[in-house]
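Chemist: Using only what follows, build the 3D model:
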Amino acid sequence: MTKRNKIIYWVSTIFLAFGMLAGGIQQLLQIGGYVDIVSQLGYPIYLLSILGFWKILGVVIVLIPKVPLLKEWAYAGFFFAMSGAAASHIAMGQSFQDVVPSLTLLIMIVVSWYFRPTDRNIRSVKQ
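Modeler: Residues are numbered from 1 along each chain as shown. Below is the predicted model of the structure:
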């Protein structure tokens, strides 16, 4: 892995981890305006606790070494959560400003996943 790729990976991963951890904690504790956002989108409030818990767990998995299969699941979960959030805001006709946080994290998910070190990839069974 080149130094450039390593820097891209860690910058995007730290940004992703911070964003997901901050959002996960706020969602788990139902603070920071998330109750209003979820209500406006038409989702039940208890969904915040579920999303918050899984986001925090996903951050832990993405940051610890090894466990490549769990990392893939964490990245996939992050991708589904953020693409779903962006789609929900768009479907409700909310402003682009409301969609930007979801799209920013979505980009960080893809960049972090793409530039992850080879030891964090799933290896083929046939290797």
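Chemist: Can you give the distance of stretch 10-29 from its chain's centre?
Modeler: Centre-to-centre, stretch 10-29 and its host chain are 7 Å apart (Cα atoms, centre = their mean, to the nearest Å).
Chemist: which residues touch that stretch?
Modeler: 32, 34, 48-49, 51-56, 58-59, 62-63, 78, 101, 104-105, 108-109, 111-112, 115-116 (Cβ atoms under 8 Å, 6 or more residues apart in numbering). The way it works is simple: take the backbone N, C-alpha and C, and place the C-beta from them, glycine included.
Chemist: Mind checking which of those are buried?
Modeler: 34, 48, 51-52, 54-56, 58-59, 62, 78, 105, 108-109, 111-112, 115-116 (16 or more other Cβ atoms under 10 Å).
Chemist: Tell me which of the residues you listed fall in helices.
Modeler: Among the buried ones among the contacts of stretch 10-29, the members found in helices (DSSP state H) are 34, 48, 51-52, 54-56, 58-59, 62, 78, 105, 108-109, 111-112.
Chemist: Check those against residue 94 and report the nearest one.
Modeler: residue 34 (14.6 Å; Cβ to Cβ).
Chemist: Could you give me the buried positions within the helix or strand bottoming out on mean pLDDT in the chain?
Modeler: Within the chain, no helix or strand scores below helix 34-41, which has a mean of 93 by mean pLDDT, DSSP states H and E. Residues of helix 34-41 classed as buried under the neighbour-count rule (16+ other Cβ under 10 Å) are 34, 37-38, 41.
Chemist: okay, these in a markdown table with distance to residue 7 next?
Modeler: Formatted as a markdown table, these follow (distance: Cβ to Cβ, whole Å):
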| residue | distance to residue 7 |
| --- | --- |
| 34 | 32 |
| 37 | 33 |
| 38 | 36 |
| 41 | 36 |
